[in-house]
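**Q** Make a model of this:
(2 chains)
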Amino acid sequence: NAGVTQTPKFQVLKTGQSMTLQCAQDMNHNSMYWYRQDPGMGLRLIYYSASEGTTDKGEVPNGYNVSRLNKREFSLRLESAAPSQTSVYFCASRPRGGPGELFFGEGSRLTVL
Amino acid sequence: AQSVTQPDIHITVSEGASLELRCNYSYGATPYLFWYVQSPGQGLQLLLKYFSGDTLVQGIKGFEAEFKRSQSSFNLRKPSVHWSDAAEYFCAVGAGGNQFYFGTGTSLTVIP
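**A** The predicted structure is shown next:
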C-alpha cells in the first residue's frame, strides 16, 4: 500500500532551471496539497487542490505552478528556480470534506545553487 | 487569523522520563487538532487527532493529548519516553474546508 508517492526524492538545480515535482496517491482521496518545510518555519502551504480540476493558492505560491492531472496526481512546477526555493517539499492528500487528517509523502529535498 | 504556536523549539528529556509538548492555537470556531511526528528524512506521520467528544485522546506509540478549550491548547504527553521517540513533533489545526495550519515544530532529544 504505497499511500502518497513523491518523485524525485532529491534534486539539485542551478538558478533559473525548471523542474517538476511529481506526486501520486492511491487512496482515492479528493484533496491534495503541496507544502514546503524550512528550518524554524514549520510547513507552509504552497498550493492545494480540493478536487480534480481545481487548484487554489496557499500561503507561499509565488514562483510555483501546479497541475491536478487527474484524481491521483498533483504536480508542482518551478519555472525558474531561485535559491530561496531550496527546501524540502511535501505532498499530502486527504479524503473529501469533513475533518480528516492529511496523509504525507516522504518528501523531496530540493537544492537550488 | 488562524495560527498555531509551539513555544518550545527544542526539548531534551531522559529516557523513561515523562514528556509534555505544548501547543496553543488561535481559531474562532471549534478546531480540528492534530499531532504529527517526523523522523529524520521522513514524512509526517499522524500521532493522534481530535475532532469532537472526549477531550483526552489516545494515539499511537503511547502518546495522548488533551484539548482544553479555555486555554486554546492541545498539549501532547507521554508518561515514559523511549529513545525511539526522538524526532520532530508538529501540532496542526484544521480550520474547516481544506485549510490546515502547522506550528513550527518541537525537536525532541532523548538522552540515555
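
**Q** From A:D38, how far out is the nearest residue to A:L113 once chain neighbours are set aside?
**A** Leaving out its chain neighbours, the residue that sits closest to A:L113 by C-beta to C-beta, 6 or more residues apart in numbering or on different chains is A:K14, at 5.4 Å. Quick note: C-beta positions are derived from backbone N, CA and C, even for glycine. Noted for A:K14: a distance of 20 Å to A:D38, by C-beta to C-beta, to the nearest Å.

**Q** wait, what's in contact with residue 77?
**A** Answering for chain A, as no chain was given. Applying C-beta atoms under 8 Å, 6 or more residues apart in numbering or on different chains to A:R77 gives the contacts A:18-21, A:64-67.

**Q** My question was about chain B, not that one.
**A** Counted by C-beta under 8 Å, 6+ apart, B:R77 has contacts B:18-21, B:63-66.

**Q** Low-confidence ranges, chain B, go.
**A** B:1, B:96-97 (pLDDT under 70).

**Q** can you tell me which residues contact A:A24?
**A** Shown in contact with A:A24 (C-beta under 8 Å, 6+ apart): A:4-5, A:72-74.

**Q** filter those by proximity to chain B?
**A** A:V4 (C-beta under 8 Å from any C-beta of the partner chain).

**Q** With secondary structure, pLDDT and distance to A:I46 as extra columns, can I get the contacts of A:A24 in CSV?
**A** Formatted as CSV, those follow (DSSP: H, G, I helix; E, B strand; the rest coil; pLDDT from 0 to 100; distance: C-beta to C-beta, whole Å):
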residue, secondary structure, pLDDT, distance to A:I46
A:V4, strand, 96, 15
A:T5, strand, 96, 18
A:R72, coil, 96, 19
A:E73, strand, 97, 16
A:F74, strand, 97, 11
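
**Q** before we move on, back to that, quick check on the contacts of A:R77: which are buried?
**A** A:19, A:21, A:64, A:66 (16 or more other C-beta atoms under 10 Å in any protein chain shown).

**Q** Which per-residue confidence value corresponds to the first one?
**A** A:M19 is assigned a pLDDT of 96 by the prediction.

**Q** What residues are bridge-paired with it?
**A** Beta bridges link A:M19 to A:L78 when assigned by DSSP bridges.

**Q** again, but for the third one
**A** When assigned by DSSP bridges, A:Y64 has beta-bridge partners A:L78.

**Q** residues touching it, list them.
**A** Contacts for A:Y64 (C-beta under 8 Å, 6+ apart) come out as A:34, A:46-47, A:76-78.

**Q** Selecting buried members of those in PyMOL, what would you type?
**A** Only the buried entries of those go into this PyMOL selection, using 16+ other C-beta under 10 Å:
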select buried, chain A and resi 34+46+47+76+78
